[in-house]
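Student: Let's see this in three dimensions:
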Amino acid sequence: MLRHTLLFFDYEVKNLLRRPIWAVFGIIQPVMYLIFFAPLLRTTVPGGNMEQVLAMFTPGAMMMIALFGSLFAGFGMINETRNGVLERLAVSPAWRPGIVLGRVMKDMVALVVQATLVMLLALLLGLRITVPAFLLMLLLMAATGMFAASLSYGLALAIRDEMGVSQIVQFFALPLTLLAGLFLPVNLGPQWLQTVAKFNPLYYAVEAGRSLFRGDLGDSTVPVAFGLLIVLAAITLTWSMRSLRSLAG
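Tutor: Below is the predicted model:
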């Protein structure tokens with residue numbers, strides 16, 4: 001089982017390395033937000049301290065990568081379904097869950113690399129973060145990516161149409177982004193907005209990231225975010241695996 005998963009992972013990573021430009025495009029938007037938008041938020045923190053601004057804004061920029069990068073991961077799988085490639089893999093002697101697991105692992109690794117690059121840029125701009133907080137943030141990004149990528153693959157296998165998946169993703173992406181407080185903390189908004197945001201799993205990931213960047217590793221948002229995202233990732237990963245099984249008949 002592990003061998004098959006690693007084989008698919010190796011295959012997907014090699015495909016990614018042959019077209020690295022897509023991974024680069026995935027961080028352009030967060031980088032632009034960090035450079036051009038974050039300085040505008042100095043008035044939102046006491047004394048206009050850029051370090052505090054980056055500690056507030058960088059976790060949101062990183063979650064932007066996790067959300068928009070991983071939610072569109074399933075489009076390649078739709079094309080493989082249409083061409084019959086995925087059906088042949090599904091009926092082969094290979095361990096079927098490994099087909100999905102290998103892809104999800106590749107997405108998680110790519111996401112961690114992208115997040116590391118964004119965080120290094122934030123450090124150059126003035127962010128200060130401890131090594132444990134840095135590593136925990138990368139793990140949180142990996143958990144978020146596992147959830148979003150598994151959801152994308154599940155949608156791709158269930159709908160098998162780029163337009164349909166795109167409409168669903170775009171319909172939910174904007175409210176998820178706004179209600180997560182990616183750009184500004186939700187607690188700056190009205191009470192009703194704060195209440196609605198608590199039903200958004202991405203909100204907990206962003207708040208946990210801000211706690212980590214403040215150096216508050218023991219904040220309650222950190223275990224809540226990890227627990228919630230791991231459970232959601234397990235649910236969506238199981239769904240995508242079952243969808244692949246039904247594809248094979």
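Student: any idea of the pLDDT on A61?
Tutor: pLDDT, the model's per-residue confidence, is 86 for A61.
Student: Could I get the phi/psi values of it?
Tutor: Per-residue torsions, A61: phi -60, psi -40 (degrees, to the nearest 10).
Student: Burial check on M50, number of neighbours?
Tutor: The number of residues packed near M50 is 16, by other Cβ atoms under 10 Å. Placement of C-beta: from N, CA and C, glycine included.
Student: Same question for L174.
Tutor: Neighbour count for L174, taken as other Cβ under 10 Å: 9.
Student: C-alpha coordinates for stretch 207-216, CSV please?
Tutor: The C-alpha trace of stretch 207-216 is given here as CSV (Å, rounded to 0.1, in the frame of the first residue of the first chain):
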residue,chain,number,x,y,z
GLU,A,207,-6.9,32.7,13.9
ALA,A,208,-4.6,29.8,14.9
GLY,A,209,-2.0,31.2,12.5
ARG,A,210,-2.2,34.6,14.0
SER,A,211,-1.8,33.1,17.5
LEU,A,212,1.3,31.3,16.3
PHE,A,213,2.8,34.4,14.7
ARG,A,214,2.2,36.3,18.0
GLY,A,215,4.2,33.6,19.8
ASP,A,216,1.2,32.3,21.7
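Student: Please work out the average pLDDT along it.
Tutor: On average, stretch 207-216 scores 90.
Student: Which residues does it contact?
Tutor: 54-56, 58-60, 62-63, 127, 129-130, 133, 136-137, 140, 181, 185, 217, 219, 221-222, 224-226 (Cβ atoms under 8 Å, 6 or more residues apart in numbering).
Student: could you flag which of the residues you listed are buried?
Tutor: Among these, those classed as buried by neighbour count (16 or more other Cβ atoms under 10 Å) are 54-56, 58-60, 62-63, 127, 129, 133, 136-137, 140, 181, 185, 219, 221-222, 225-226.
Student: lowest-confidence helix or strand of this protein?
Tutor: Ranking every helix and strand in the chain by mean pLDDT, DSSP states H and E puts helix 85-90 at the bottom, with a mean of 69.
Student: Nearest residue to the middle of the chain?
Tutor: Centroid-nearest residue in the chain: A66, 2.1 Å away (criterion: Cα atoms, centre = their mean).
Student: OK, contacts around it?
Tutor: Contacts of A66 by Cβ under 8 Å, 6+ apart are 111, 115, 141, 144-145, 148, 205.
Student: what's the nearest residue to it if we skip its chain neighbours?
Tutor: T144 (4.1 Å; Cβ to Cβ, 6 or more residues apart in numbering).
Student: rewinding a little: tell me the one of the contacts of A66 nearest F36?
Tutor: Closest approach between those and F36, by Cβ to Cβ: A115, at 19.6 Å.
Student: Now do that closest one, the pLDDT please.
Tutor: pLDDT at A115 comes out at 86.
Student: List the contacts of the residue lying closest to it once chain neighbours are set aside.
Tutor: Spatial nearest neighbour of A115, chain neighbours left out: M141 (4.5 Å); criterion: Cβ to Cβ, 6+ apart. By Cβ under 8 Å, 6+ apart, the contact list for M141 reads 62-63, 65-66, 111-112, 115.
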